[in-house]
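*Asks:* got a sequence here, can you build the structure:
(chains A, B, C and D)
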2 protein chains.
Amino acid sequence: MASLTKKNVRPYKSASKSTPELILDAAEELMSRRGFHGVSIREIASLAEVHLGSVTYHFGTKENLLEAIYERHAQPMNLRRSDLLAEASRITNLSERLLAIVRAFVVPAFSSQSDVSGGGARFTRVRAILSMEGNEAAQKIIANHFDETSAAFVDAVLECCPKADRNSVVWRCHFLLGSLYYTLVSGERIDRLTHGETSGADHQRAIDELSHTFAAAFSDLANTNKEQS
Amino acid sequence: MASLTKKNVRPYKSASKSTPELILDAAEELMSRRGFHGVSIREIASLAEVHLGSVTYHFGTKENLLEAIYERHAQPMNLRRSDLLAEASRITNLSERLLAIVRAFVVPAFSSQSDVSGGGARFTRVRAILSMEGNEAAQKIIANHFDETSAAFVDAVLECCPKADRNSVVWRCHFLLGSLYYTLVSGERIDRLTHGETSGADHQRAIDELSHTFAAAFSDLANTNKEQS
DNA sequence: GTCTATAGCGTGATAGAC
DNA sequence: GTCTATCACGCTATAGAC
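*Replies:* The predicted structure is shown next:
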């Protein structure tokens, strides 16, 4: 851990973060809550405590800003998933392995990255909203980076469920992603429906619920023949 | 020259639909694809083949338009769900009943209503996007109308799984809704991942996959003790 | 109820002094 | 790299003739 210096304790605009980083942090925070269209560059500049001109100086267009957000998170998250997936593959007990596979998919979407501020959850929220907003530019970026990772998970699940139909596994993986997104974005619904006994903001709980639910859903598939519908 | 006014004559498409209906249809279609912020009133008026002024004459603000969309769908859909849920409750075999309960939740979200154009799927897509966009006005409307229906489903599921923890049922119901939303909005991902062998636009298939997946997820809960985590 | 015109504002993006 | 000033445009909403 780096020693704290005066530079890191600056009263306002922190010197430990470059202007582009400040802008990206602000953009990520705002877009994770209101989407791409719902946020203006002016708001981003204001939250970042940076002048409007600096935003376009560093990023040019609003879409570039979005792409930059994506770029700084996609690779670390995918690496983390690959690592956890490889770890999971070494488990011999099939139902334990299945649970580990689902966790390998879910955990990196929640947990913070050491090198990137804000962590995985905020970025996942951005992706959730963008995928719903139908933003064209975003659709392409998301599709490219994500589908390949998805395919690896489908294959890993299939290895645990030799009798299962691949397409059915895809459907359930899709449901997993939808559940993940919705939980991160609309978690407060859980607070309401459980009358405050559980919170959607409790990431550890969310991870556990997601992984057990979908491990069960995949297990069910393992016991089903391809011919059945 | 005695001229009959042609102004109120609607020569083509509008013969059977009133101007407010045309506007609502257009607004629903556009917002179901790009959300609230992503669509302008001008676009809505243009698609509805109506003049800009007519939109604000009939609805006032953009938010009122959103509320009107919600109003014309919420009650029919909730009624349909109640009916199907009551039907499901009469099934004695527990695993069959569970499947029927999930279907009672899912089917009305996809199927078209006789009296409202566009059907349930488009409206569900609107709700999906709004819930993600974090639009304040929308959040309230959705929470009010939806949570009560959700609670009824949680209770119905609980009756099938006496040993299950209520909070866990809530979490899985939440996942069901997230899966439903994501499938309706990002269905084309399924086409890609199954290499065209299945389509997310195939509503019948989506209904079947959703109901079997979550019936399995709830069954799993039925076999778990409350004390287990 | 329909349609035109426009007020009033916020937006994304740029140019250029510093 | 930073900051100011501004352009050109699209937006929501309104006023008023028809």
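*Asks:* low-confidence ranges in chain A?
*Replies:* Scanning chain A with the threshold set as pLDDT under 70 gives A:1-15, A:113-118, A:225-229.
*Asks:* same thing but 80
*Replies:* Judged by pLDDT under 80, chain A has its weakly predicted residues at A:1-16, A:112-119, A:141-148, A:224-229.
*Asks:* in which helix or strand does the spatially most central residue of chain A reside?
*Replies:* Against the mean C-alpha coordinate of chain A, by Cα atoms, centre = their mean, the closest residue is residue A:124 at 2.7 Å. According to DSSP states H and E, residue A:124 maps onto helix A:119-133.
*Asks:* C-terminal to that helix, what's the next element?
*Replies:* Going down the chain from helix A:119-133, the next helix or strand is helix A:136-160, by DSSP H and E.
*Asks:* packing partners for the next helix or strand after that next one?
*Replies:* Sequence-wise, the next helix or strand downstream of helix A:136-160 (DSSP H and E) is helix A:166-185. On a contact count with 3 or more Cβ pairs under 8 Å, 6 or more residues apart in numbering or on different chains; DSSP states H and E, helix A:166-185 meets helix A:94-110, helix A:119-133, helix A:136-160, helix A:203-222, helix B:119-133, helix B:166-185, helix B:188-193, helix B:203-222. For glycine as for every other residue, the C-beta is placed from the backbone atoms N, C-alpha and C.
*Asks:* keeping just the C-alphas, turn helix A:166-185 into PDB.
*Replies:* This file holds the C-alpha atoms of helix A:166-185, laid out as PDB (Å, rounded to 0.1, in the frame of the first residue of the first chain):
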ATOM      1  CA  ARG A 166     -27.100 -26.100 -25.200                       C
ATOM      2  CA  ASN A 167     -29.800 -23.700 -26.200                       C
ATOM      3  CA  SER A 168     -31.600 -24.100 -22.900                       C
ATOM      4  CA  VAL A 169     -28.300 -23.400 -21.100                       C
ATOM      5  CA  VAL A 170     -28.100 -20.200 -23.200                       C
ATOM      6  CA  TRP A 171     -31.600 -19.100 -22.200                       C
ATOM      7  CA  ARG A 172     -30.800 -19.600 -18.500                       C
ATOM      8  CA  CYS A 173     -27.500 -17.800 -18.800                       C
ATOM      9  CA  HIS A 174     -29.400 -15.000 -20.300                       C
ATOM     10  CA  PHE A 175     -31.800 -15.000 -17.300                       C
ATOM     11  CA  LEU A 176     -28.800 -14.900 -15.000                       C
ATOM     12  CA  LEU A 177     -27.500 -11.800 -16.700                       C
ATOM     13  CA  GLY A 178     -31.000 -10.200 -16.600                       C
ATOM     14  CA  SER A 179     -31.300 -11.000 -12.900                       C
ATOM     15  CA  LEU A 180     -27.900  -9.600 -12.200                       C
ATOM     16  CA  TYR A 181     -28.600  -6.400 -14.000                       C
ATOM     17  CA  TYR A 182     -32.000  -5.900 -12.500                       C
ATOM     18  CA  THR A 183     -30.700  -6.500  -9.000                       C
ATOM     19  CA  LEU A 184     -28.000  -3.900  -9.400                       C
ATOM     20  CA  VAL A 185     -30.300  -1.300 -10.800                       C
END
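*Asks:* now do that helix against helix A:136-160, angle only.
*Replies:* 120 degrees (axes from the mean of the first three to the mean of the last three Cα atoms, to 10 degrees).
*Asks:* now do the contacts for residue A:98.
*Replies:* Contact analysis of residue A:98 by Cβ atoms under 8 Å, 6 or more residues apart in numbering or on different chains lists A:157, A:160, A:161, A:215, A:218, A:219, A:222.
*Asks:* nearest to DNA strand C, of these?
*Replies:* residue A:157 (40.3 Å; Cβ to the nearest atom of the strand).
*Asks:* the closest one: what's it in contact with?
*Replies:* A:98, A:101, A:164, A:169, A:173, A:218.
*Asks:* next: residue A:149.
*Replies:* Per Cβ under 8 Å, 6+ apart, neighbours of residue A:149: A:78, A:81, A:82.
*Asks:* what about it, distance to residue A:112?
*Replies:* According to Cβ to Cβ, to the nearest Å, residue A:149 and residue A:112 sit 19 Å apart.
*Asks:* what about residue A:51, neighbour count?
*Replies:* Burial of residue A:51 is recorded as 11 neighbouring residues (other Cβ atoms under 10 Å in any protein chain shown).
*Asks:* hang on, it packs against residue A:44?
*Replies:* No: with contacts counted by Cβ atoms under 8 Å, residue A:51 stays clear of residue A:44, the gap being 11.4 Å.
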